[in-house]
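Novice: Fold the following for me, if possible:
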Amino acid sequence: MENLDFIWKRLNFFQSADTTQRFLKNGYHNLGVNDAELKSYDNCYPFMYYLEQGELFYNQAALSPFSIKPILLFYGLVHLLKACILTTDPFYPSSTSVLAHGVSARKRKKRQYYFYHDEIKIQKYGLCPHFSEQMFHVKHLEGEKFIMGELFSLVAELDDAFLFIKGKSNMIVLQRSNTNLITIPREASDLYHMDDKRLKQYLNDKYKGGQISWQGENDAEQLTFERKEAIKPPFREHIFKQVTCLPARLHSNNTLPDMIIHYLILYNLSMIARYETEWWFELIKTTPNSDYPFIKTFLDITEKKGPFLVYQYLMQGQPL
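Specialist: Numbering: from 1, shown residues only. Below is the predicted model:
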């Protein structure tokens, strides 16, 4: 992975009205937006300001105490997401209903509360359902509930923590050649309880990047596909080890995009840091259970991966 400084430097290429207006206009033309040129002029400065404000939050998070880091990282990601939304929704925000977070946290129990087992719920309106639909075509999230531990398990970079703390791995590391051919090991068929044919069909159905270009159709020993673009669910990219992974078990959330996962976890952590001060500081000061290492490791990851995901999204179809 390019280091974080490199990502911000690339995102700073957009800090030019001419460049950003042209970038947005091309995108709007491809979407068939009426008055694409006018809307690109209207949105180029908000787009630039969202990116700049997002970077300021991330920079401040890097310098701030752990106790307030989730708040800064969450709002950093929110601003970067708003820039991304403007590439697909030229009329954002079209109403005040899309300005809310779009997620709610359940009332917390004062005793024996574990963040790992905590649950959040997606609301009908707000930023979360809006960017999920606009950016990733993920619809019908209203009323869906997500458990933090299950979301953690889909973060590829957290796999070492799971292996050490829980004694299990959540990811299957796929073999990748220099020609961008990715081989799925036999282990995947065993863990998914499928033969190669069924596994291939399952991945074709679930893959968010379109139909997979499979290689070696007659090879019964392995499934190999060609990577033609940025990795998308159900596959996951480990940005530090630079490997492609597949979740080690079938789960309804396997196709949830990384950006939604990071948003949901950061939302919950930011709410706790703001409103559950007693529990939050007891966690930080006494570290009574495995919540702390998971949270600490996740915050270290998302500080780097959030901007990377945004950069990757904006550069779709262009040289990365």
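
Novice: Where does the prediction get shaky in the stretch 1-150 of the chain?
Specialist: 1-4, 109-110 (pLDDT under 70).

Novice: would you list every one of the helices in it?
Specialist: Per DSSP state H, counting those that start in this stretch, the stretch 1-150 of the chain carries helices over the ranges 4-11, 17-31, 36-63, 69-88, 127-136, 148-152.

Novice: between those helices, which gets nearest to Ala230?
Specialist: helix 127-136 (12.5 Å; CB to CB). All C-beta atoms are positioned from the backbone trio N, CA, C, and that covers glycine.

Novice: Which secondary structure elements does the closest one sit against?
Specialist: helix 69-88, helix 258-275 (3 or more CB pairs under 8 Å, 6 or more residues apart in numbering; DSSP states H and E).

Novice: One more pass at 6 Å, please.
Specialist: helix 69-88 (3 or more CB pairs under 6 Å, 6 or more residues apart in numbering; DSSP states H and E).

Novice: got the contact list for the helix it packs on?
Specialist: With CB atoms under 6 Å, 6 or more residues apart in numbering as the test, helix 69-88 has contacts from 27, 43, 47, 50-51, 53-54, 57-58, 60-61, 64, 92, 131, 134-135, 266, 269-270, 273, 299, 306, 310, 313.

Novice: ok so, going back, any chance of TSV for the helices of the stretch 1-150 of the chain, columns mean neighbour count and distance to Ile261?
Specialist: Formatted as TSV, the helices of the stretch 1-150 of the chain follow (neighbours: other CB atoms under 10 Å; distance: least, CB to CB, whole Å):
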stretch	mean neighbour count	distance to Ile261
helix 4-11	15	19
helix 17-31	16	25
helix 36-63	18	18
helix 69-88	23	11
helix 127-136	21	11
helix 148-152	20	5
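
Novice: I'd like the ones you listed written out as a markdown table, with distance to Asp160 added.
Specialist: Converted to a markdown table, the helices of the stretch 1-150 of the chain look like this (distance: least, CB to CB, whole Å):
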| stretch | distance to Asp160 |
| --- | --- |
| helix 4-11 | 20 |
| helix 17-31 | 37 |
| helix 36-63 | 22 |
| helix 69-88 | 21 |
| helix 127-136 | 27 |
| helix 148-152 | 12 |
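
Novice: mind checking which of those helices is nearest Tyr113?
Specialist: Nearest of the helices of the stretch 1-150 of the chain to Tyr113, taken as CB to CB: helix 148-152 at 11.4 Å.

Novice: This structure - how does it break down into domains?
Specialist: 4-154+256-314, 171-247 (automatic domain parsing).

Novice: Could you list every helix and strand that the one helix or strand Leu199 maps to packs against?
Specialist: Under the criterion of DSSP states H and E, Leu199 resides in helix 196-206. Applying 3+ CB pairs under 6 Å, 6+ apart, one finds that helix 196-206 makes contact with helix 186-192.

Novice: what comes into contact with the helix it packs on?
Specialist: Residues from elsewhere that reach helix 186-192, judged by CB under 6 Å, 6+ apart: Ile172, Asp196, Leu199, Leu246, Ala248, Leu250.

Novice: Columns pLDDT and neighbour count on top of the residues you listed, output as TSV?
Specialist: Output for those, formatted as TSV (pLDDT from 0 to 100; neighbours: other CB atoms under 10 Å):
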residue	pLDDT	neighbour count
Ile172	95	20
Asp196	84	16
Leu199	90	20
Leu246	95	23
Ala248	94	19
Leu250	91	13
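
Novice: from those residues, which is closest to Asn12?
Specialist: Comparing the contacts of helix 186-192 against Asn12 with CB to CB picks out Leu246 as the nearest, at 33.8 Å.

Novice: Distance of that closest one relative to Thr183?
Specialist: Using CB to CB, to the nearest Å, one obtains 11 Å as the distance from Leu246 to Thr183.

Novice: Same question for Val103.
Specialist: In this view, Val103 and Thr183 are 37 Å apart by CB to CB.

Novice: One more: Leu24?
Specialist: Leu24 sits at a distance of 39 Å from Thr183 (criterion: CB to CB).

Novice: what's the answer for Asn12, then?
Specialist: Going from Asn12 to Thr183 by CB to CB gives 37 Å.
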